[in-house]
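Student: Any chance you could fold what I've pasted below:
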Amino acid sequence: TENVADFLSLRYHAARDVQPGKDVRVKISLANSVALVKAYNDEQAAAAAANGTSFTPFLDLPTTAYTIGGTEFDIPTSTGEVLVPFTLNKAPLNPANAYALGIEMTEVSEGVINRLEKTAIVTFQIKNKYDGVYELTLYLEGWEAYGIASGVSGVYPSDIDVVTAGADAVSISYPGFGA
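Tutor: Residues are numbered from 1 along each chain as shown. I've put the predicted structure just below:
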């Protein structure tokens, strides 16, 4: 389980002369998540097809994989922003899949909801703890016959990529030589 501090930021935008006099109350809904994720997948698949590329659709984030800190939030006038508390439970998720959660803003106490910001798709790619880019230091001994220094260590000339292949498996990739 992991707390995701920068999961979702709710903000309001207002001209200086029409700033709200008090905190703005915002209501969000996750009820349409499946439909929002499907619409997003359809849109991305169409764009990929038009560009001659491929797109792997996101799976809807299972409700057992997260908890969200409520559906109503006050955006303070002092900052104009509130971060939505979110906890991700990675146990039911497969690292081979990419997930998404559709969120819809349904109501605000002041002003209007910008139609371009009414919905958000938050995507998740689960990786195991070893996923990353590494620098490899080698110690060489017994390589004199091949014209290579012996008894010395050195940094390998390119990074080594360790890529998630499953919950407890990785693959090694050498960018200079392929996977």
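Student: Enumerate the positions of stretch 85-97 that are buried.
Tutor: By neighbour count with 16 or more other C-beta atoms under 10 Å, stretch 85-97 contains the buried residues 86, 88, 90, 93, 95. From N, CA and C alone the C-beta is placed, and that goes for glycine too.
Student: In strands only, show me the residues you listed.
Tutor: Per DSSP state E, strands hold the following members of these: 86, 88.
Student: Tabulate the buried residues of stretch 85-97 (JSON lines), appending distance to residue 145.
Tutor: What follows is those, written out as JSON lines (distance: C-beta to C-beta, whole Å):
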{"residue": "86", "distance to residue 145": "58"}
{"residue": "88", "distance to residue 145": "53"}
{"residue": "90", "distance to residue 145": "49"}
{"residue": "93", "distance to residue 145": "50"}
{"residue": "95", "distance to residue 145": "43"}
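Student: For residue 42, see how far away the residue minimising distance to the centre of the chain is.
Tutor: In the chain, the centroid-proximal residue (C-alpha atoms, centre = their mean) is residue 124; its distance is 4.2 Å. Applying C-beta to C-beta, to the nearest Å, the value for residue 124 to residue 42 is 19 Å.
Student: Check the secondary structure at residue 36 for me.
Tutor: For residue 36, the assignment made with DSSP: H, G, I helix; E, B strand; the rest coil gives helix.
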